[in-house]
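Novice: fold the following for me, if possible:
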Amino acid sequence: MNKKGKRAAGVIVIIVFLIALAALYSYVYIVPSVTGALTPTAIAQYGEMQTLNPARCIVFRTEKVVTAEQSGNTGYYVEEGRKTRLGVKIADIYPSDGSAKGYFMETTGTVSYWCDGMEEAFSPDTPETITLDSFPSQEEGAEPPAEPESVRTSTKQEGDPLYKIITGDVWYMALCIDSQYMDRYSMGARIEVEFDHGIVDASITRMTQYEDCWVVIAETNRYYEDSARLRYCDVTIITEDNNGLIIPTSARAMQEQEDGSMLEGVYVKTIRDDYVFRRIQVLAEDEATGETLITEDSFYEPDENGEPVLVATVDVYDEVLRDAQGLSDVTISEGEEPEEEEIVFEWEKQKEEPQPEADKPEEPQETVEQPEEGE
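Specialist: Okay, the predicted model is just below:
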């Protein structure tokens, strides 16, 4: 075979390989997803769902900036973020002429070298000073706020920030939240605030309403490594973290009762291949994925007298009708789902069947002597 023939054969082999690879990918990934979407039912499975929303955040603490009293070369002795006792030396400044000056902790606290000049503007002692105007403008072309910078440099000029002391373990967050999410918040409620590198628990201490948003103040004593270098940031707030059963949101349906009231539920497939209506209790909904988290097995609700009543609902691995709008294509059972027939094995039947009584010995029959003739 000449070179052209070998080259053409090689190209054909590569093309066949690529076609086979694409077919395998379709079989493994595409076909199951398409067939799953076309399946009329969905299996209720265990899952977790969080209720969350975005927010703009201002981080503030009780902090004091220590400035250099003279110019010169600097020497530092404490690492960033280290909690330090009263009287510990933090730095020395060596002037070009004259004696060095040492700087010591004025109180027990955390040492940080990240400063932005806003340390006095945001103080936990006066949280009412933090308003909607405290947040950076979101208008196009607005100047962004100054970011904290490290002041741990080898030389200092008189008046330059040298370091800052953060007192206390509690730190604070001012959160600007859109009004559409405020039904999830209340005074004293616990929330989780997600930063770029971690999540911290916090409690709400103040809420102030504005035209289209709220400013919420939250406090925490949770350790977060980057908290000392944060000022303005975007965060995600988690208000609920629930566990239950995940079903498609499209499976939810409303059923009218005899008294005219409407109850929410889903249609569960029975062993007879028809569907019965089951009440549900919604815990959370994810609009992005089109999924809903519901309570498993049962839940309580008050009756007309305010007494709790147990309501049976969907159980794990139940099949629910995926599209509740397509009820015309399925058979709806008005009654309860029939109980499954109990299977009894032959060896169990033998145990249950009464055994025949053992043969009893025949009782001897009494012989009556007949009188002889002539007697």
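
Novice: ok now do the most centrally placed residue in the chain, which residues does it touch?
Specialist: Centrality entry for the chain: nearest residue to the mean C-alpha point is Q50, 3.4 Å, by Cα atoms, centre = their mean. Q50 is in contact with I238, E240, D241, N242, A284, counting by Cβ atoms under 8 Å, 6 or more residues apart in numbering. No exception for glycine: its C-beta is placed from N, CA and C like everyone else's.

Novice: quick check: the fourth one touching Y46?
Specialist: Looking back up the chat, that one is N242. No: between N242 and Y46 no contact is recorded; they are 11.7 Å apart, counting by Cβ atoms under 8 Å.

Novice: these two: who's more crowded?
Specialist: Using other Cβ atoms under 10 Å as the criterion, N242 and Y46 rank with N242 on top: 15 against 11.

Novice: what's the distance between the more buried one and L283?
Specialist: Note on N242: its distance to L283, by Cβ to Cβ, to the nearest Å, is 4 Å.

Novice: likewise for I43?
Specialist: Distance of I43 to L283, computed by Cβ to Cβ: 18 Å.

Novice: more neighbours, these two?
Specialist: Using other Cβ under 10 Å, the more surrounded residue of I43 and L283 is L283, with 18 against 13.

Novice: where does the more buried one fall, secondary structure wise?
Specialist: Using DSSP states H and E, L283 falls within strand 282-286.

Novice: re the thing from before, which of the contacts of Q50 are buried?
Specialist: A284 (16 or more other Cβ atoms under 10 Å).

Novice: can you show me the helices along the stretch 51-200 of the chain?
Specialist: For the stretch 51-200 of the chain, no helices are identified by DSSP state H, counting those that start in this stretch.

Novice: for A22, give me phi and psi.
Specialist: Main-chain dihedrals, A22, degrees, to the nearest 10: phi -70, psi -40.

Novice: can you map out the helices along the stretch 251-375 of the chain?
Specialist: Under DSSP H, counting those that start in this stretch, the stretch 251-375 of the chain gives helices at 346-352.

Novice: ok so, going back, in TSV: the contacts of Q50, plus pLDDT and distance to Q325.
Specialist: Formatted as TSV, the contacts of Q50 follow (pLDDT from 0 to 100; distance: Cβ to Cβ, whole Å):
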residue	pLDDT	distance to Q325
I238	95	32
E240	89	28
D241	88	31
N242	90	26
A284	88	22
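
Novice: one step back: and for N242 and L283, which residues touch both?
Specialist: What both N242 and L283 touch, as defined by Cβ under 8 Å, 6+ apart, is the set M49, L293.

Novice: what is the burial count for S250?
Specialist: 16.

Novice: can you pull the contacts of it?
Specialist: Counting by Cβ under 8 Å, 6+ apart, S250 has contacts G290, R322, D323, A324, Q325.

Novice: then Y46?
Specialist: Shown in contact with Y46 (Cβ under 8 Å, 6+ apart): N243, G244, L245, I246, E296, V316.

Novice: which residues does the fourth one contact?
Specialist: Contact partners of I246, counting by Cβ under 8 Å, 6+ apart, are A44, Q45, Y46, G47, M49, E291, T292, L293, I294.

Novice: ok, so of the residues you listed, who is nearest W114?
Specialist: M49 (36.3 Å; Cβ to Cβ).

Novice: wait, the closest one touches N242, no?
Specialist: Yes: if you go by Cβ under 8 Å, M49 and N242 touch, sitting 5.7 Å apart.

Novice: which residues do these two both contact?
Specialist: Common contacts of M49 and N242 (Cβ under 8 Å, 6+ apart): L283, A284, L293.

Novice: circling back: return the member of the contacts of I246 nearest to Y103.
Specialist: M49 (51.3 Å).

Novice: looking at this, I19 is in a helix?
Specialist: Yes: looking at I19 with DSSP: H, G, I helix; E, B strand; the rest coil, it is inside a helix.

Novice: tell me where this structure is predicted with low confidence.
Specialist: Low-confidence segments of the chain (pLDDT under 70): 1-11, 25-39, 126-128, 326-375.

Novice: which helix or strand contains V16?
Specialist: Assessed by DSSP H and E, V16 sits inside helix 3-25.

Novice: for P248, list each beta-bridge partner.
Specialist: With DSSP bridges as the criterion, P248 is bridged to E291.

Novice: residue contacts, it?
Specialist: Going by Cβ under 8 Å, 6+ apart, P248 touches A42, G290, E291, T292, V320, R322.

Novice: how many residues are close by M118?
Specialist: Residues near M118, counting by other Cβ under 10 Å, number 16.

Novice: mind checking how far the nearest residue to it once chain neighbours are set aside is from Y224?
Specialist: Nearest non-adjacent residue to M118, counting by Cβ to Cβ, 6 or more residues apart in numbering: R231, 6.1 Å away. Relative to Y224, R231 is positioned 14 Å away (Cβ to Cβ).

Novice: the two - which one has more neighbours?
Specialist: Neighbour count, other Cβ under 10 Å: between R231 and Y224, R231 has more, with 20 against 16.

Novice: that concludes my questions; thank you for your assistance.
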